[in-house]
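Participant: Fold the following.
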Amino acid sequence: MDCLGGETTEARTGMTSTNSTDDRGTQRARRGSRGHRADVGRDRVMDVALQLFLTHGYAGTSLKAVADELGISPPALYWYFPSKEDLYLSVLQRSMEDFTTYVGGSVVVNDDPVFKLSQLVRAHVTWQLNQANVAQAFDLTMTLKGQSIDIPEEKLAPVVKMQMDYVALVRSILREGVDDGVFVVDDIKTTAFGIITLCEYVTTWYKPGGELSVPAVANRYEGMVRRMVGVASRRTPQPDPVAGD
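Facilitator: Have a look, this model is predicted:
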């Protein structure tokens, strides 16, 4: 009786110990998983995804590839973004929000449309060059239709609206200058898109560490745009900052 009772007790004790250890291990794993997700963060996920989208395109980037690059499991990635489409749209929206905040904040309230246009151009070029990877990701999506072919138009609508709001801002400055008699512009719409395109593609030729610094390029683009609208003579050109300044 005592032996049987002892065996039963030992068996029960062993089972209880094993189950208790397993439960504690599961709890630690769950806590570790939550902590790992918190350490990664949405911004880090979008940063990594941005680089993969730039390298491989939308179609060539999988959520598994993003998760592997982050060192987390795909299920952990789903905790942040339920689909690749949602992740891609979040990357686009963040880049456009950053751009409009920076450029919009640089165009101070002023009665002089020449000053506002100059500030806008300088800010646009500066952002493009200082945020080249983000700028290129956005350019690829909005310019090359193949990059967004799998995304319904209604989901892209918020990003497209921000883009068109920016176009409207440029057109409003041009309209103000024409009405004030300080801009000579044949067609406001065409000129607005010409200015935006000029600034947008500065990343295609600029090389960091080259002959021109970012402020120097911004100076030159400002001068080109001022000549486009017929007001170059109103401003004494500034010397180009030396690269590295």
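Participant: what's the domain layout of this structure?
Facilitator: Segmentation of the chain into domains, based on automatic domain parsing, reads 28-82, 84-234.
Participant: between those domains, which gets the lowest average pLDDT?
Facilitator: If those are sorted by mean pLDDT, domain 28-82 sits at the bottom with a mean of 81.
Participant: From the centroid of this structure, which residue is nearest?
Facilitator: In the chain, the centroid-proximal residue (CA atoms, centre = their mean) is Ser95; its distance is 2.4 Å.
Participant: Double-check that residue against Val134; I have them as touching.
Facilitator: Yes. In this structure Ser95 lies within contact range of Val134 using CB atoms under 8 Å: 4.5 Å. All C-beta atoms are positioned from the backbone trio N, CA, C, and that covers glycine.
Participant: Now do the shared contacts for these two.
Facilitator: Leu50 (CB atoms under 8 Å, 6 or more residues apart in numbering).
Participant: Tell me, what's the model's pLDDT at Thr18?
Facilitator: We have a pLDDT of 43 for Thr18.
Participant: same question, Pro241
Facilitator: Predicted confidence (pLDDT) for Pro241: 54.
Participant: Same check on Glu10?
Facilitator: Model confidence at Glu10 (pLDDT) stands at 40.
Participant: go on, the one 3 residues further on?
Facilitator: The model reports Thr13 with a pLDDT of 42.
Participant: ranges for the helices of this structure?
Facilitator: 2-56, 63-70, 74-78, 84-106, 113-130, 132-143, 153-179, 188-200, 214-228 (DSSP state H).
Participant: For Tyr58, give its distance to Ala49.
Facilitator: 10 Å (CB to CB, to the nearest Å).
Participant: now Asp165
Facilitator: Going from Asp165 to Ala49 by CB to CB gives 25 Å.
Participant: now swap in Val40 and tell me
Facilitator: Look at Val40 and Ala49: by CB to CB, they are 12 Å apart.
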